[in-house]
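Peer 1: predicted model and sequence below, questions to follow.
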Amino acid sequence: MPIVNRIADYAGEMRTWRQHLHTIPELALDLPKTSAYVKEQLQAIGVDELHEGFATCGMIAIINGQGAGETIGLRADMDALPIPEETGVDYSSTHAGNMHACGHDGHTTMLLGAAKYLTETRNFKGRVALIFQPAEEAIGGAEIMINEGVLETFDISQVYALHTAPGFPEGQIVTTPGPIMAAVDEFHINIQGLGGHGALPHETQDPVVAACGIAQAIQTIVSRNHFALDDLVVSVTQIHTGSADNVIPDTAYINGTVRTFDKEVQAMVIRRLEEIVKGHSVSYNVDAVLNYEVGYPPTINNHDKAAFAADVAREVVGDAMVIDDYERQMGGEDFSFFLEKRPGCYLFVGQGEGPSVHHPKFNFNDEISPVGASFFARLVERLQPVG
């Protein structure tokens, strides 16, 4: 079975939804225009229940099937990124400095398409909980919604999500059992020294030299402190200090990201960062303080649910267009919080060649909206079939 014919009929409507959402990108938890537009479409679709106010602008829409059964959770993220858009499309962002550079406008559209079909047909038992979530890119809207009780309130038993994937063939669906994306942490190092004249360094406690030494030593965590086959990334991404060529500053700041899959590896990184910062404080006669922030956990698919989801994907796009043993990636995703609490699966859907996500010229491919909506719809129908 290819894309659901009825959903294919929605292609023009989904394009309209997606391109309107693209014009109004909003950040983190502050999505008033986005959530209002999604609410308007859900009400027009005729979902049975609509619950607002989760994680500020998040919402849960309920569609009842035929007879008793479990509640299946389908999630779409709605927030955008603080990136000035450079696509040049006639529906570009009207919010200066913000754009949908990660396809969340498309994710929301695919879930709306599935909602329209499932509301019309109701060819399933139990019910579906459509999770429209803010703040995936920022502070973990998924965790906030979970802490506010969405899983228990709506008795959600399993969860699924899709993410667009530039560079993969259009319509290809990709997933894997077990870990698919990494845990995402960040570190901040503030160095307090004693500034002075650049010509008189002996009278200072130079934070610039200390920052350089710390940044260099951090590189040895991956190269010398961990087993080469344990996936690990530690990247220094910012060093800020100084204001003039003849002034040694008082302070310096270092920032970076850590990506892991294993809690023991994560603990080792934290320990080594603490040792490096403490040791260099003494070596360079400065005060250096580490602030390590544990972020999103690894995204780990349930083995059985991943196998089932891949089977549904084959039904929608064909055997040749499904990869069910994709190599895990070092990117991160707050859907991981849902998968910590409930079995489920996270999948990618290819959108063809073009700029990568988080690039100012990225634009979601509207041709794949019916693919994602069909996947969600058939997933529900096969998980809880009628008759």
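Peer 2: Great, that's in hand.
Peer 1: for the chain, just list every one of the helices.
Peer 2: Using DSSP state H, the helices of the chain run over residues 5-8, 11-23, 32-45, 104-121, 141-147, 150-153, 207-224, 263-284, 303-317, 335-341, 369-383.
Peer 1: lowest average pLDDT across the ones you listed?
Peer 2: With a mean of 94, helix 5-8 has the lowest mean pLDDT of the helices of the chain.
Peer 1: thinking again about what came up before, format the helices of the chain as a markdown table; extra columns: mean neighbour count.
Peer 2: The C-beta positions use only the backbone N, C-alpha and C, and glycine is treated the same way. Listed next are the helices of the chain as a markdown table, based on neighbours: other CB atoms under 10 Å:
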| stretch | mean neighbour count |
| --- | --- |
| helix 5-8 | 16 |
| helix 11-23 | 19 |
| helix 32-45 | 17 |
| helix 104-121 | 26 |
| helix 141-147 | 22 |
| helix 150-153 | 16 |
| helix 207-224 | 18 |
| helix 263-284 | 17 |
| helix 303-317 | 20 |
| helix 335-341 | 22 |
| helix 369-383 | 25 |
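Peer 1: redo those helices as JSON lines? Include distance to Ile63.
Peer 2: JSON lines is the format used below for those (distance: least, CB to CB, whole Å):
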{"stretch": "helix 5-8", "distance to Ile63": "15"}
{"stretch": "helix 11-23", "distance to Ile63": "17"}
{"stretch": "helix 32-45", "distance to Ile63": "9"}
{"stretch": "helix 104-121", "distance to Ile63": "5"}
{"stretch": "helix 141-147", "distance to Ile63": "18"}
{"stretch": "helix 150-153", "distance to Ile63": "16"}
{"stretch": "helix 207-224", "distance to Ile63": "47"}
{"stretch": "helix 263-284", "distance to Ile63": "37"}
{"stretch": "helix 303-317", "distance to Ile63": "18"}
{"stretch": "helix 335-341", "distance to Ile63": "19"}
{"stretch": "helix 369-383", "distance to Ile63": "9"}
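Peer 1: would you mind measuring from Asn98 to Ile24?
Peer 2: 9 Å (CB to CB, to the nearest Å).
Peer 1: and the nearest residue to Leu162 once chain neighbours are set aside, how far is that from Ile191?
Peer 2: Nearest non-adjacent residue to Leu162, counting by CB to CB, 6 or more residues apart in numbering: Gly372, 5.0 Å away. Look at Gly372 and Ile191: by CB to CB, they are 47 Å apart.
Peer 1: how about the helices of the chain, which one is nearest Asp77?
Peer 2: helix 104-121 (4.8 Å; CB to CB).
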